[in-house]
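Colleague: could you look at this predicted model? Sequence included:
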Amino acid sequence: MPHAADRQAPQAWSTEAVLALFELPFPDLIHRAQQVHRRHFRADGIQLSSLLSIKTGGCPEDCGYCSQSARHDGGVAAQRLMPVEEVVAAARAARDAGAQRFCMGAAWRSPKPRDMPAVLEMVRAVKALGMETCMTLGMLDDEQAGALGEAGLDYYNHNLDTSPEFYGRVIGTRSYADRLDTLARVRAAGVKVCCGGIVGMGESRRDRAALIAQLAGMDPQPESVPINHLIPVPGTPLADAPPLDPFEFVRTIAAARIAMPRSAVRLSAGRQAMPDSLQALCFLAGANSLFYGDTLLTAGNPEAEADRQLLRRLGMRATDGADANGPPARDKETHAGTRAGMRTIRIQDTRRAAGGRA
Ligand code: SF4
């Protein structure tokens, strides 16, 4: 029988309700997050996604944290859309290195009509490798969302970034409502939603709670929820954002886990600056997905070998997307008779396999 907390309708998570989670004593919050996590996921499973920037820099948007905005001096040179063959080669290398999902990101306000044929071809070709596909291309209209759905795109990433109240301090060129409109189009096209945010931008605890409440209030909730930690980039407006208490980051992960019990909660940007002990706390708080590989769009990420070692030291293992989102461990053990029923993914050296590209 579902736990009372899991039965709450999405709209039950008001900002106040999430704020109450943040204000629990840390051990109580982690305990509660673990209870929720274990009802829906194996506690030792991690879903691995690899991310490739298919079109880097020169973005007309003004997101205050982003080195790819043409309005900031973030030191990222603008490049053209990568050829389809290069994207497919990078996806193949990521797959061979153990990634289950391949996320392709383009620094656009929205795709231009001339870009869509190549983008759709990337989706089809990466799917043909047996990988899940995810794209983040900016705002979409109905036709673009429909075309991506027809091409078989599994996930579309479009983050809310922060609370509605703090949003205007970070981004001026697209509104919160614009983001929600694109997310609705993605849903209508039958594509799963990857939607999360960024913490450590100088927002308050209430803003963090409001972000989680916004995400949890989506019906259905996002299948994938990336929680990013700001990487302050010199030359961007948020270069001097005040540092965030690391435990507050863990609390954000735990609140996301409790408010979105069936979503994959992904530890995303900012992991390179986190010690292993902090990442382990995030797993205890309910994070069960990682970006895997040496580069996140344009920012650094822990080396693949360091990730492999960390998972080994913690007795954790990479699972494919189906397992990460599958039934709770107890059910799986009943059916399979053993915890080894989970499919384990072989992980190789991403850098070698990807020739340094991924
Ligand atoms: S976050 Fe995306 S939309 Fe915003 S400036 Fe960077 S690339 Fe452009």
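Modeller: Done, it's in.
Colleague: and the chain, which residues reach the ligand?
Modeller: Counting by CB under 6 Å from any ligand atom, the positions of the chain adjacent to the ligand are C59, E61, C63, C66, Q68, S69, A107, G138. Where C-beta positions appear, they are placed from N, C-alpha and C, glycine not excepted.
Colleague: try it again with 8 Å
Modeller: Within the chain, the residues that sit near the ligand (CB under 8 Å from any ligand atom) are 59-63, 65-69, 71, 105-109, 136, 138, 171, 174, 297.
Colleague: list buried residues within these.
Modeller: Buried by 16 or more other CB atoms under 10 Å: 59, 61-63, 65-69, 71, 105-108, 136, 138, 171, 174, 297, out of the residues of the chain next to the ligand.
Colleague: and the most centrally placed residue in the chain, helix, strand or coil?
Modeller: In the chain, the centroid-proximal residue (CA atoms, centre = their mean) is P226; its distance is 2.8 Å. Put simply, P226 is strand when judged by DSSP: H, G, I helix; E, B strand; the rest coil.
Colleague: next up, the contacts around it.
Modeller: Counting by CB atoms under 8 Å, 6 or more residues apart in numbering, P226 makes contact with N157, N159, C194, C195, G196, G197, R266, S268, A269, S289.
Colleague: now the residues you listed as CSV including pLDDT?
Modeller: Below are the contacts of P226 laid out as CSV (pLDDT from 0 to 100):
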residue, pLDDT
N157, 97
N159, 97
C194, 97
C195, 98
G196, 97
G197, 97
R266, 94
S268, 88
A269, 84
S289, 92
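Colleague: so of the residues you listed, which ones are in strands?
Modeller: Taking DSSP state E, the ones among the contacts of P226 that sit in strands are N157, C194, G197, R266, S289.
Colleague: now distance to E16 too, for the residues you listed, in a markdown table please.
Modeller: As requested, those are exported to a markdown table (distance: CB to CB, whole Å):
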| residue | distance to E16 |
| --- | --- |
| N157 | 28 |
| C194 | 27 |
| G197 | 18 |
| R266 | 26 |
| S289 | 28 |
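Colleague: of those, which pair is most distant in space?
Modeller: Farthest pair in the ones in strands among the contacts of P226 (CB to CB) is G197 and S289. Separation: 14.9 Å.
Colleague: show me where pLDDT drops low in the stretch 151-300 of the chain?
Modeller: Counting by pLDDT under 70, the stretch 151-300 of the chain shows low-confidence ranges at 293-300.
Colleague: and the helices in it?
Modeller: 164-167, 176-188, 205-216, 246-259, 276-284 (DSSP state H, counting those that start in this stretch).
Colleague: same question, the stretch 1-150 of the chain
Modeller: Here the stretch 1-150 of the chain has its helices, by DSSP H, counting those that start in this stretch, at 15-22, 26-40, 84-97, 116-127, 142-151.
Colleague: nearest to R208 among those would be which one?
Modeller: helix 15-22 (7.0 Å).
Colleague: mind listing what's buried along the closest one?
Modeller: Going by neighbour count (16+ other CB under 10 Å), the buried part of helix 15-22 is T15, A17, V18, L19, L21, F22.
Colleague: with stretch 130-147 instead?
Modeller: By 16+ other CB under 10 Å, the buried positions in stretch 130-147 come out as 131-140, 144-147.
Colleague: chain center to it: distance?
Modeller: From the chain centre to the centre of stretch 130-147 is a distance of 15 Å (CA atoms, centre = their mean, to the nearest Å).
Colleague: name the helices or strands packed onto the biggest strand by length in the chain?
Modeller: Secondary structure of the chain read by DSSP E shows that its longest strand is strand 45-55. Packing contacts for strand 45-55, counted by 3 or more CB pairs under 8 Å, 6 or more residues apart in numbering; DSSP states H and E, involve helix 84-97, strand 101-106, strand 264-267, strand 289-291, strand 295-296, strand 317-319, helix 321-324.
Colleague: that one pairs with which strands, parallel or anti?
Modeller: Strand 45-55 has its sheet partners listed here by DSSP bridges as strand 101-106 (parallel), strand 289-291 (parallel), strand 317-319 (parallel).
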